[in-house]
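Undergrad: sharing a model that was predicted from the sequence below.
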Amino acid sequence: MKTKIKKFKLLIIVSLIGGGAFISYSFVDNYFEISKNLDIFATLFRELNIYYVEETNPGELMKKGIDNMLLSLDPYTNFYPESEIEDYRYMTTGQYGGIGALIHQDGDYVIISEVYEGFPAQKADLRAGDKILKINNTDATGKKTDDISKYLKGQASTTIKLLIEREGEKSPIEKNINREEIKIKSVSYSGMVADNVGYIKLTGFTENAANEVKDALSGLKKNPEMKSLVLDLRGNPGGLLKEAVDIVNIFTEKGTDVVSTRGKVKEWDMVNKAMNTPLDLFIPITVLVDRGSASASEIVSGCLQDLDRGVIIGQRSYGKGLVQAQRKLSYNALLKVTVAKYYTPSGRCIQALDYSHRNEDGSVDKVPDSLISAFKTKNGRIVYDGGGIAPDIAIDAQKFSSLLGNLVSKNLIFNYSTKYRVAHPSIAAAKDFKLTDAEYEDFLSYVTSKNFNYTTKTEKSLEDLKENAKTDKSIDEINTDIENLKAKITNNKKDDLKKFKPEIKQFLEEEIASRYYFQNGRLESALKDDPELKEAIAVLNDKDRYTKVLTTIIKAEKPMYNPDKTKLKDMKKSKSSEN
C-alpha cells in the first residue's frame, strides 16, 4: 500500500513538473513569437521608409498597418493616435470643446444641419441651413466636413469667426462665437406621453448617464398622475458598462446580479452587482428596442427582461455581447480592446456574430443554431442567447420608400424646411404641429422646381435584368417588354409624391419642428404617430396584459436574421459631423 502511495505521489510530482515545464515553455514560446515578429515588423518598417522609391508618410503607413491588423479581430478593437483622442473622449464622456452644432456637406459647401439648444451656436443665433462661407477669414468653399469640423472644435473660451449665407438674407452675416465645453446629455428628452405614462429617451451611456436617468425619473414622479414608464433605447449604440449597471439598479434591489463578464485574463471574470439603493422597485416599465440598440442598451433591456422587471417592445436588438477596455500606449495613443464577453442574469450572452471563426474571405457568420441555447427568466420564461434581445412584444420596423430616401439624401426636405422657417416666424407646439394640405402642395411644387428624379428598386432590377439578358443573348426577345415596364414605372412615379404623402409629411414635420424647438421638437413631433410608443402605452394601461406578458411561460423565438436596415431617421445623423 505504501509503495502504491509513493508511486502515486511520484506520478503527481512528475505531472506537475511536466505541466510546469509546459506552461513555462508555452509562455517563453509565446513571448519569443511576439518578440520575433515585432523585430521583423520594425526592420521592415525602417527599410520600407528608407528605400521605397517615393516619399512615405511613416505615421500614415503605421496607422493603416495597425488598422488592418485590428480589422482581422472584431470591429470594436480600435487604435486611437494622439490626434484622435478628443474624438474618443467624446464617445465616452459626451464632452468636447466646440460650438455645439451638426454640419453636413452639400456640393462645395458645408451647411449647419442642426444646433444644440443652450450651446454657443444657438446663443449666437446660428441656424440650420446656414451656409459656411469663411472661417476666421479663411475661404470654406470646397472644404469637406472633416476639414470644417477641425476648425469649429477647439479649446473652451476661445473665439471663432464665421461668415455665413442665410436663406432670406441679402448679404452674408458675420458671427463671432465663443467656444465652450460641450456636454451632450445621454438623456435627450423626458416628459409625459400620456395622462399617466412618463417617457425617457436615452441616446447613450456616457459618464453620468445613470444619474441623468435617475434625475429624469425623479422629475417625472413629481407628477402625481405618473404611474408607469417608457424607457426608449432605440438607436442607442451603448457605452460604459458601469452606467448600464447603475441604470438597472434604479429599478432593482441592491445586491442584484446585473451582468457578469468573462475573459481570457482572469481579472475580467467578475459579477457586476447593483450597489445602490433603488429609486423605484414597482413602477411598471416598457423598454423600446430596435436593431440599433446595442451593447449597454442590451445589458439594460436583457437584465430587465431576465428579472421580469419590464416588458421589452420593438425589434430584435443588435447583438453585441462584447466588453472593451482602454489601454494606454506610448506617445499618448490609446488602444480600445475587447477583453471579455458579458452575460445577463439568466446566463445568456447575446453576441450575434462569431468573430473568432472567420470565413476564408474574412467575413463573419452569425452564431450557428446548433450553438444557440435556451435560458430562463426569473419567472421561468424561455429566452435565448446568441442573437441580441428578442422583444416580448415584436413590432415590425417602419419601412420607408426609396422616394423618401432620395428626398432626404438630396437635401430637398432639409432645404424646404429652411425656406419654411424664413417664411413662418413661429409655429404651433411641436407635438401639435401639422402641415396643411396647401403647405404640402407647396412642398410638391418646390420639389418639382428642382427637377427631382430618382431610381426605384424596380427600375434597378430591370436594369440588372437587361444586363443579364445581354449576357445570355436573349435581349432581343425581351427588350420591348422591359422598355414597356420602364415606361409604366416612369408614369407611376409622377404620382409617388402623393401616394407616399403620409411618410413624407411625417418626416417633413419633424424637420420643420426642429428648426423652432431643436432636438426636443424633433422628437416630440416624431412621437405623435410612433407605433411602438402607442403599443407601449397600451400595454402599460392594461395591467392584466402587462402581468400576463411577464408571467406566461412560452418559448421566445430563436434568433432570426434579416439584412441590417438603418432607420431613415438615422440617415441625417450618419452624414453629419459633431462640432
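TA: On my side now, so go ahead. In this text the structure is predicted, and so the values were computed from the model without any measurement.
Undergrad: can you pull up the most central residue in this protein?
TA: Relative to the mean C-alpha position of the chain, the nearest C-alpha, by CA atoms, centre = their mean, is the one of Pro237, at 3.8 Å.
Undergrad: which non-adjacent residue is nearest that one?
TA: Nearest non-adjacent residue to Pro237, counting by CB to CB, 6 or more residues apart in numbering: Ala294, 5.1 Å away. Using the backbone N, CA and C atoms, a C-beta is placed for each residue, glycine as well.
Undergrad: right, and that neighbour touches Gly238 too?
TA: Yes - the criterion here is CB atoms under 8 Å, and Ala294 meets it with Gly238 at 5.0 Å.
Undergrad: give me the common contacts of those two.
TA: Overlap between the neighbourhoods of Ala294 and Gly238 consists of Lys320, taking contacts as CB atoms under 8 Å, 6 or more residues apart in numbering.
Undergrad: can you pull out the helices in the stretch 101-250 of the chain?
TA: Listed in chain order, the helices of the stretch 101-250 of the chain (DSSP state H, counting those that start in this stretch) span 120-123, 145-152, 209-221, 241-249.
Undergrad: so what's the residue nearest to Thr455 when sequence neighbours are not counted up against?
TA: For Thr455, the nearest residue in space outside its immediate sequence neighbours is Ser402; the separation is 7.7 Å by CB to CB, 6+ apart. Applying CB under 8 Å, 6+ apart to Ser402 gives the contacts 454-457.
Undergrad: picking that back up, who wins for proximity to Asp232 among the helices of the stretch 101-250 of the chain?
TA: Closest to Asp232 of those is helix 209-221 (CB to CB; 11.3 Å).
Undergrad: can you give me how far the closest one is from the chain middle?
TA: 22 Å (CA atoms, centre = their mean, to the nearest Å).
Undergrad: now the closest residue to Thr551 other than its chain neighbours, what's its secondary structure?
TA: Spatial nearest neighbour of Thr551, chain neighbours left out: Asn379 (5.3 Å); criterion: CB to CB, 6+ apart. Put simply, Asn379 is coil when judged by DSSP: H, G, I helix; E, B strand; the rest coil.
Undergrad: quick one, longest strand in this protein?
TA: When the chain is scanned for its longest strand (criterion: DSSP state E), the result is strand 334-343.
Undergrad: what's the distance between it and the middle of its chain?
TA: Distance of strand 334-343 from the chain centroid (CA atoms, centre = their mean) equals 18 Å.
Undergrad: repeat that for stretch 216-225.
TA: 28 Å.
Undergrad: and for stretch 524-539?
TA: Taking CA atoms, centre = their mean, one finds the center of stretch 524-539 at 21 Å from the center of the full chain.
Undergrad: can you get me the start-to-end distance on it?
TA: The first residue of stretch 524-539 is 21 Å away from its last residue (CA to CA, to the nearest Å).
Undergrad: tell me which residues of it come out buried.
TA: Along stretch 524-539, the positions that meet the burial threshold by neighbour count (16 or more other CB atoms under 10 Å) are 524-528, 530, 532-533, 535-539.
Undergrad: what does stretch 56-67 give?
TA: With the criterion 16+ other CB under 10 Å, stretch 56-67 contains buried residues Lys63.
Undergrad: quick one: contacts of it?
TA: Stretch 56-67 is touched from outside by 45, 48-49, 79, 81, with contacts defined as CB under 8 Å, 6+ apart.
Undergrad: run a quick neighbour tally on Leu163.
TA: Around Leu163 there are 18 other residues, counting by other CB atoms under 10 Å.
Undergrad: show me where the stretch 351-500 of the chain has its helices.
TA: The residue ranges that make up the helices of the stretch 351-500 of the chain, judged by DSSP H, counting those that start in this stretch, are 402-409, 412-423, 437-449, 457-471, 475-493, 496-499.
Undergrad: quick one, the fourth one and helix 402-409 angle?
TA: Read it as helix 457-471. Using axes from the mean of the first three to the mean of the last three CA atoms, to 10 degrees, one finds that helix 457-471 and helix 402-409 are set 100 degrees apart in direction.
Undergrad: who are the packing partners of helix 457-471?
TA: Counting by 3 or more CB pairs under 8 Å, 6 or more residues apart in numbering; DSSP states H and E, the packing neighbours recorded for helix 457-471 are helix 475-493.
Undergrad: if we can go back for a sec, and the residue nearest to Pro237, that's in a helix?
TA: No - secondary structure of Ala294 (three-state DSSP): coil, not part of a helix.
Undergrad: check it and give its pLDDT.
TA: In the predicted model, Ala294 carries a pLDDT score of 96.
Undergrad: who touches it in this structure?
TA: Neighbour list for Ala294: 236-238, 317-320 [criterion: CB under 8 Å, 6+ apart].
Undergrad: TSV please, covering these and showing pLDDT and distance to Glu298.
TA: TSV is the format used below for the contacts of Ala294 (pLDDT from 0 to 100; distance: CB to CB, whole Å):
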residue	pLDDT	distance to Glu298
Asn236	97	9
Pro237	96	10
Gly238	95	7
Ser317	97	5
Tyr318	96	7
Gly319	95	7
Lys320	96	7
